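Asker: just the structure for this:
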Amino acid sequence: MKILLLNDYSGLHATLGKGLKERGHEVTVVSNGNGWRNYPRDISLVRHSSSHLEGVRYLMHVWGTLPKLRGYDIVQLINPIFFDVRPERLFPIYRYLRKHNKKVVLGAFGEDSIWARTCMEKKPLRYSDHNIGDEVRTDPASTRLLDVWVGTSHERLTKMIADDCDGIVACLYEYMAVYQPLFPKKTTFIPLPIEMPSEQAPITEKDHAKTRIFIGIDAQRSDYKGTDIMLPAAEKVLERHPDKMELVKAVSVPFAEYQQKMNGSDAILDQLYSYTPSMNSLLAMSKGIIDIGGGEPENYEILHEDELRPIINVLPTAESVEQEVENLIMHPERIPELKRQSVEYVRRHHDYRKVAEQYEAFYTSLLR
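Answerer: Presented below is the predicted three-dimensional model:
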């Protein structure tokens with residue numbers, strides 16, 4: 001197959017593209033590298049600022065690239081906003097891609113209008129980026145995104161693409177819970193792809209006195225993803241037990257530096273409002289680092305995982321985070337087994353080659 005993957009979140013398309021290429025497909029990844037993370041891609045389309053002049057330059061670059069993006073069997077969009085321009089500019093670009101390629105797949109991989117409106121109104125999840133129980137989140141991070149995605153041209157574009165596309169892939173249980181009831185015939189669940197380390201260090205008893213906790217912070221999205229709550233909670237534990245805990249922070253650093261800072265940690269704090277581990281959490285788990293974040297029962301159920309329970313699940317409160325971090329550092333004997341389970345969990349469900357095989361089967365079904 002000839003496959004086009006448009007834009008990227010957390011290296012999802014870069015990793016998937018590698019897996020599909022290894023399976024013999026012709027794959028082109030077009031992206032901006034996801035900003036400062038700078039993920040690899042085949043065609044780079046980067047908007048360097050939000051200025052009008054830069055917007056015009058970028059849009060001309062996009063339209064100049066479009067003739068190269070024809071004749072594909074599959075075009076997969078990372079999001080309804082698949083280029084860094086206003087939604088009004090994307091309607092004709094989407095129609096061009098639709099006209100000149102066979103099938104279009106929409107990724108349910110992150111924030112969009114269907115996700116935002118459903119979490120706000122129908123509340124299918126106990127908590128999410130936009131609700132805690134029956135209450136709509138009113139913190140600035142959530143309301144800022146609702147202002148973008150709900151009742152706007154973003155929502156009109158999202159609805160048009162979701163209605164028109166041939167298939168929708170949800171990468172997490174949460175997105176499946178939102179999209180599948182609305183689009184039951186075209187939505188499928190495929191886990192996130194992770195490239196396992198080429199050399200896996202043996203997991204043994206801890207060789208350092210302090211439990212090393214890592215937290216990666218995207219300064220522009222800290223309150224949205226919950227690191228604004230997780231970091232102070234971890235710092236409180238550190239204040240009480242400086243002899244038992246070390247806290248390592250990476251703030252808006254390139255992906256290579258992020259990995260370097262994370263390596264050697266015992267646990268990672270990530271995704272306060274999620275039921276499931278993210279790409280960053282899974283990458284850490286593949287290295288034998290314990291995820292303190294999203295590990296609700298539904299996460300294991302959708303994967304049909306009845307044995308492994310490597311994730312330390314937290315509720316979206318500072319108290320829950322504080323309690324779980326403290327419980328881990330006070331009981332370091334738990335760490336080796338949780339590390340072993342973390343590696344096996346990623347190998348079993350998220351290895352990029354297995355995930356690429358699942359995408360291949362889904363794409364093939366669309367082309368029949």
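
Asker: what's the next secondary structure element after the lowest-mean-pLDDT helix or strand in the chain?
Answerer: The helix or strand with the lowest mean pLDDT-type score in the chain, counting by mean pLDDT, DSSP states H and E, is helix 222-225 (a mean of 68). Downstream of helix 222-225, the next assigned helix or strand under DSSP states H and E is helix 227-240.

Asker: buried set for that next one?
Answerer: The neighbour-count check on helix 227-240 (16 or more other CB atoms under 10 Å) flags 227, 228, 229, 230, 231, 233, 234, 237, 238 as buried. All C-beta atoms are positioned from the backbone trio N, CA, C, and that covers glycine.

Asker: convert the C-alpha atoms of that helix to CSV, please.
Answerer: What follows is helix 227-240, C-alpha atoms only, in CSV (Å, rounded to 0.1, in the frame of the first residue of the first chain):
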residue,chain,number,x,y,z
THR,A,227,1.3,18.3,35.6
ASP,A,228,0.4,21.6,37.4
ILE,A,229,-1.2,19.3,40.0
MET,A,230,1.1,16.3,39.8
LEU,A,231,4.3,18.3,40.3
PRO,A,232,3.3,20.1,43.6
ALA,A,233,1.9,16.8,44.9
ALA,A,234,5.3,15.1,44.2
GLU,A,235,7.2,18.0,45.7
LYS,A,236,5.2,17.7,49.0
VAL,A,237,6.3,14.1,49.2
LEU,A,238,9.9,15.1,48.5
GLU,A,239,9.8,17.6,51.3
ARG,A,240,8.7,14.9,53.8
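
Asker: residue contacts, the closest residue to residue 167 other than its chain neighbours?
Answerer: With sequence-adjacent residues excluded and distances taken as CB to CB, 6 or more residues apart in numbering, residue 167 is closest to residue 105, at 4.6 Å. Residues near residue 105 by CB atoms under 8 Å, 6 or more residues apart in numbering: 74, 75, 76, 77, 165, 166, 167, 168, 169, 362, 363, 366.

Asker: over to residue 175?
Answerer: Residues counted as contacts of residue 175 (CB under 8 Å, 6+ apart) are 108, 109, 115.

Asker: repeat that with 7 Å
Answerer: For residue 175, the contact set (CB atoms under 7 Å, 6 or more residues apart in numbering) comprises 108, 115.

Asker: look up how far residue 65 lies from residue 76.
Answerer: Distance, residue 76 to residue 65, by CB to CB, to the nearest Å: 17 Å.

Asker: look at those two and report which has more neighbours.
Answerer: residue 76 (27 against 14; other CB atoms under 10 Å).

Asker: ok so the more buried one is a helix residue?
Answerer: No - under DSSP: H, G, I helix; E, B strand; the rest coil, residue 76 falls outside any helix and is assigned strand.

Asker: and the residue nearest to it when sequence neighbours are not counted, helix, strand or coil?
Answerer: Of all residues beyond its chain neighbours, the one nearest residue 76 is residue 105 (4.3 Å), with distances taken as CB to CB, 6+ apart. Three-state call for residue 105 (three-state DSSP): strand.

Asker: go on, residue 20?
Answerer: Per three-state DSSP, residue 20 ends up helix.

Asker: so it makes contact with residue 358?
Answerer: No - Residue 20 lies out of contact with residue 358 (CB atoms under 7 Å); the separation is 10.9 Å.

Asker: and those two? Which one has more around it.
Answerer: Ranked by neighbour count (other CB under 10 Å), residue 20 and residue 358 place residue 20 first, with 27 against 16.
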